[in-house]
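Colleague: Build me a model:
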Amino acid sequence: MNAGPPAPAGHSPPSAAAGALRLLDREPPADYLREWTERIAHEKKDARADTRSAFIFRVGEEWLALPPRILQQVAEPCPVRSLPHRRDGVVKGIVNIRGELIVCVSLAAALGLEKEPSAVPGPDRGVYGRLLVVSQGGHRLAFPVDEVHGMHRYHPGDLRPPPATLSGSRLTCTAGLLPWRERTVGCLDDGLLLHTLNRSLA
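Modeller: Below you'll find the predicted structure:
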């Protein structure tokens with residue numbers, strides 16, 4: 001019986017090729033797509049869990065950031081009523097925000113920055129100062145900033161330790177330095193910062 005010519009080298013017999021096509025064309029098992037969908041979603045969730053949020057703003061020439069958990073409000077600048085017998089430079093006075101009187105402090109003075117914020121826009125862009133209202137344990141404080149960027153997500157591994165050239169409260173309150181848009185942002189430790197500010201109120 002003549003079995004016919006052998007299949008050309010490098011090619012599967014017709015019956016084997018047809019079987020392979022049937023294997024590829026068949027429907028996947030019922031749980032196959034669900035399993036991979038859940039696995040991919042789990043991997044994305046794990047990736048997001050490794051990131052943190054920072055609220056970035058500028059005081060003078062310095063870009064700083066705070067965890068959003070303590071930020072309650074971004075308000076328009078308003079007049080500051082000075083308090084008698086307060087000349088330490090950190091406590092600026094009282095501001096009225098939506099009918100509530102809140103102590104206004106100077107982040108620049110508390111951290112030893114070179115320049116106080118102002119409500120004057122930049123020379124070439126419409127950048128206006130804002131008041132940030134923070135709260136912890138029911139105590140609210142406001143402080144002026146020159147510019148607000150907003151929320152930014154980052155990985156904790158991107159933080160660099162603060163340099164030894166920082167001193168005093170600025171070194172104490174800086175949790176790390178974060179590269180951002182070809183700049184360096186000082187990420188502040190909210191607990192230590194509020195402790196420093198509240199100590200100025202005593």
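Colleague: For the rest of this, base every contact and every neighbour count on C-alpha atoms.
Modeller: OK.
Colleague: got the residue ranges for the helices in the protein?
Modeller: Using DSSP state H, the helices assigned to the chain run over residues 14-25, 32-49, 107-111, 168-173, 190-201.
Colleague: average pLDDT across the fourth one?
Modeller: Here the mean pLDDT over helix 168-173 is 84, rounded to a whole number.
Colleague: which residue packs closest to Leu101, ignoring adjacent ones?
Modeller: Val95 (5.6 Å; Cα to Cα, 6 or more residues apart in numbering).
Colleague: Return the residues in contact with that neighbour.
Modeller: Val95 makes contact with Cys78, Pro79, Val80, Arg81, Leu101, Ile102, Val103, Cys104, Ala142, according to Cα atoms under 8 Å, 6 or more residues apart in numbering.
Colleague: surely the third one meets Val91?
Modeller: No: checked against Cα atoms under 8 Å, the pair Val80 and Val91 is beyond contact range at 10.5 Å.
Colleague: about what we covered before: buried subset of the contacts of Val95?
Modeller: Ile102, Val103, Cys104, Ala142 (16 or more other Cα atoms under 10 Å).
Colleague: what's the closest of the contacts of Val95 to Arg130?
Modeller: Nearest to Arg130 among those: Cys78, at 9.0 Å, using Cα to Cα.
Colleague: Lys59 touches Glu147, doesn't it?
Modeller: No, residue 59 isn't Lys; it's Val. Yes: in terms of Cα under 8 Å, Val59 counts as a neighbour of Glu147; the distance is 7.2 Å.
Colleague: how far away is Glu147 from Glu62?
Modeller: 10 Å (Cα to Cα, to the nearest Å).
Colleague: ok, the two, which is more surrounded?
Modeller: More crowded of Glu147 and Glu62, by other Cα atoms under 10 Å: Glu147, with 22 against 16.
Colleague: ok, the more buried one to Val127 distance?
Modeller: Counting by Cα to Cα - Glu147 and Val127 are separated by 6 Å.
Colleague: about what we covered before: and the pLDDT at the residue nearest to Leu101?
Modeller: So, for Val95, pLDDT stands at 95.
Colleague: Good, wrapping up.
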